[in-house]
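In: just coords:
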Ligand code: 5GP
Ligand code: SF4
Ligand code: MG
């Protein structure tokens, strides 16, 4: 998912949030929502679909609106339903809050069960509602204390943007799994965004990343920082750099583009593959493919064309939808690949659906050989921290060796980037402060290796 927040007394907070969510669209395409307040009223508009579909007719607006939070959703827990869209908005004894959550809580089911036993009613099936209820039930006096108390009870992965009638609040879990950054516009408006591309789009300057285990609160007095769990082991998601984030974003001081480019170079060195041309599976494989070409000296050519009007195929909740989506999404250019030995670069193999179909497509278009290079190690284990690879039986690398996967996708050769190689590609990050669990099963949270919340899996 993607989360966003704006605090401003001069600028159009809902308009900026709309733009921010548009820039974060790659983080989730199932639903979108914007909540706004004018300091007294609070309102939320949510819907299924893309940002420009949900707000096709109107971006929500209030006369003296001064805070907004927004969300784009990629469902990992709870089904893809209107009732499960965010931001969540609740009235509680202390006032109103709206909350947008990116991530997955690993102990949501337990907490939810306990709260239900005590009479709490849940209106959605998403784990984020647990946080809202904890905040509402807290006996602490200030909203800051209420939130911190709640965050200390939940485990797992969360980046939150929260608003009350007069505060914009951002929080990042102690491991720092997902990104969250802070920016400021020329007019002095504060922005919270999952990625820096959401700052660029509104012309805001990057101020800094919200730190793992830090809560930031913005109100009329400016910004205050509340570190609430800074000693815990960090575990930034390496997959953000491989696939999830946009290449023009910088997360925790590491450019995503640079990381992907290096992954491509490293792949060229590790695999030693030779061929006539390097092609990418657009768009997610493109940066690594250019790195491969740069390192190997083999020309990068566009061999596959992507239909621009289609979103990310993986982020489609059912396998059937994903299947048709691949054909609709990509087509090979015969004049480019015919008679050629092709090196095809993609970022990851999850279920093997995409790669298998594309290899076939390339052969049908006349490629004489297809060597597949993947800029991540084999994904053998599920993610419980907000990326939908939690269906272990569907992960092809959970049950098949590299050689068996090669055979399954019908490639002449197949190489996956090694974990060691991957680590070299993110020089600005501390290798030990990252999560690689979907590759090596070293889950960074003690009891993290279990299905999240009320996940249907
Ligand atoms: P597969 O067909 O192997 O299941 O999916 C691999 C493709 O899905 C790659 O091209 C990758 O870019 C894309 N993809 C989209 N979303 C995700 C995601 O959340 N995780 C992973 N690992 N790959 C994804
Ligand atoms: Fe990221 Fe993989 Fe860790 Fe999940 S398990 S947080 S996808 S590195
Ligand atoms: Mg892809």
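Out: On my side now, so go ahead. In this text, all values refer to a predicted model and were calculated from it rather than measured experimentally. Ligands and ions are numbered 1, 2, ... in the order given.
In: for ligand 2, give me its nearest residue in the stretch 51-200 of the chain.
Out: Closest residue of the stretch 51-200 of the chain to ligand 2, CB to the nearest ligand atom: residue 177 (5.1 Å). C-beta here means a position set from N, CA and C on the backbone, and glycine is covered the same way.
In: what's the helix or strand for that residue?
Out: Secondary structure here is read from DSSP states H and E; on that basis residue 177 sits in neither a helix nor a strand.
In: count of neighbours near the closest residue to it other than its chain neighbours?
Out: In this structure, residue 177 finds its nearest non-sequential neighbour in residue 157, 4.0 Å apart by CB to CB, 6 or more residues apart in numbering. Residue 157 is flanked by 31 other residues according to other CB atoms under 10 Å.
In: pLDDT on the strand or helix carrying residue 157, on average?
Out: Under the criterion of DSSP H and E, residue 157 resides in strand 156-163. Over the span of strand 156-163, the pLDDT mean works out to 97.
In: now stretch 71-79
Out: pLDDT averaged over stretch 71-79 equals 78, rounded to a whole number.
In: end to end on stretch 226-233, go ahead and measure it.
Out: From its first residue to its last, stretch 226-233 covers 18 Å (CA to CA, to the nearest Å).
In: how about it, does it reach ligand 2?
Out: No: Stretch 226-233 lies apart from ligand 2 when judged by CB under 6 Å from any ligand atom; the minimum separation is 12.8 Å.
In: what comes into contact with that stretch?
Out: Contacts of stretch 226-233 with the rest of the structure, by CB atoms under 8 Å, 6 or more residues apart in numbering, involve 144, 148, 151-152, 171, 174-175, 211-217, 433, 444.
In: buried sites along it?
Out: Taking 16 or more other CB atoms under 10 Å as the basis for neighbour counts, the residues of stretch 226-233 that come out buried are 226, 229.
In: sheet-wise, list the partners of the strand holding residue 157 with their directions.
Out: Within its sheet, strand 156-163 is paired with strand 95-105 (antiparallel), strand 168-172 (antiparallel), according to DSSP bridges.
In: ok, back up a step: can you flag the buried ones in the contacts of stretch 226-233?
Out: Buried residues within the contacts of stretch 226-233, defined by neighbour count using 16+ other CB under 10 Å: 144, 148, 151, 171, 174-175, 211-217, 444.
In: can you count the residues close to the closest residue to ligand 2 within the stretch 101-250 of the chain?
Out: Of the stretch 101-250 of the chain, the residue with the smallest distance to ligand 2, taken as CB to the nearest ligand atom, is residue 237 at 3.2 Å. Using other CB under 10 Å, residue 237 has 27 other residues around it.
In: report the beta-bridge partner residues of it.
Out: Here residue 237 sits in beta bridges with residue 435, going by DSSP bridges.
In: how about the contacts made by it?
Out: Counting by CB under 8 Å, 6+ apart, residue 237 makes contact with 157, 177-178, 244, 385-387, 434-435.
In: now swap in residue 65 and tell me
Out: The neighbourhood of residue 65, defined by CB under 8 Å, 6+ apart, consists of 12-14, 36-38.
In: how about 10 Å then?
Out: For residue 65, the contact set (CB atoms under 10 Å, 6 or more residues apart in numbering) comprises 6, 8-9, 11-15, 17, 36-39, 41, 43.
In: residue 72 too?
Out: Under the criterion of CB under 10 Å, 6+ apart, the neighbours of residue 72 are 1-4, 20-33, 50-51, 54, 85-86, 100, 102, 194.
In: near ligand 2, which residues of this protein?
Out: Looking at ligand 2, the residues of the chain close enough under CB under 6 Å from any ligand atom are 177, 237-239, 383, 385, 387, 435-438.
In: secondary structure added to the buried ones among the contacts of stretch 226-233, as JSON lines?
Out: JSON lines is the format used below for these (DSSP: H, G, I helix; E, B strand; the rest coil):
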{"residue": "144", "secondary structure": "helix"}
{"residue": "148", "secondary structure": "helix"}
{"residue": "151", "secondary structure": "helix"}
{"residue": "171", "secondary structure": "strand"}
{"residue": "174", "secondary structure": "coil"}
{"residue": "175", "secondary structure": "coil"}
{"residue": "211", "secondary structure": "coil"}
{"residue": "212", "secondary structure": "coil"}
{"residue": "213", "secondary structure": "coil"}
{"residue": "214", "secondary structure": "strand"}
{"residue": "215", "secondary structure": "strand"}
{"residue": "216", "secondary structure": "strand"}
{"residue": "217", "secondary structure": "strand"}
{"residue": "444", "secondary structure": "coil"}
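In: can you list those in CSV and add pLDDT?
Out: Below are those laid out as CSV (pLDDT from 0 to 100):
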residue, pLDDT
144, 97
148, 98
151, 97
171, 98
174, 97
175, 97
211, 98
212, 98
213, 98
214, 98
215, 98
216, 98
217, 98
444, 92
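In: mind checking the SS state of residue 3?
Out: Following three-state DSSP, the label given to residue 3 is strand.
In: how about the contacts made by it?
Out: Contact criterion CB under 10 Å, 6+ apart gives 20-21, 24, 27-28, 69-73, 86-87, 99-103, 158-162, 170, 178-180, 192-195, 198 as the residues in contact with residue 3.
In: I figured residue 31 hits residue 47, correct?
Out: Yes: in this structure residue 31 lies within contact range of residue 47 using CB atoms under 10 Å: 6.4 Å.
In: nearest to residue 116 among the buried ones among the contacts of stretch 226-233?
Out: For residue 116, the nearest member of the buried ones among the contacts of stretch 226-233 is residue 151. The distance, counting by CB to CB, is 20.4 Å.
In: what's residue 6 in contact with, if anything?
Out: By CB under 10 Å, 6+ apart, the contact list for residue 6 reads 12-17, 19-20, 34, 36, 65-70, 161, 163, 168, 183, 185, 189-193, 202, 204, 218.
In: how about the strands in the stretch 351-457 of the chain?
Out: 369-374, 413-416, 434-435 (DSSP state E, counting those that start in this stretch).
In: can you put those in JSON lines and add distance to residue 398?
Out: What follows is the strands of the stretch 351-457 of the chain, written out as JSON lines (distance: least, CB to CB, whole Å):
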{"stretch": "strand 369-374", "distance to residue 398": "15"}
{"stretch": "strand 413-416", "distance to residue 398": "14"}
{"stretch": "strand 434-435", "distance to residue 398": "18"}
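In: now those strands as a markdown table including distance to residue 284 and mean neighbour count?
Out: Shown next, in a markdown table, are the strands of the stretch 351-457 of the chain (distance: least, CB to CB, whole Å; neighbours: other CB atoms under 10 Å):
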| stretch | distance to residue 284 | mean neighbour count |
| --- | --- | --- |
| strand 369-374 | 11 | 25 |
| strand 413-416 | 15 | 21 |
| strand 434-435 | 19 | 26 |
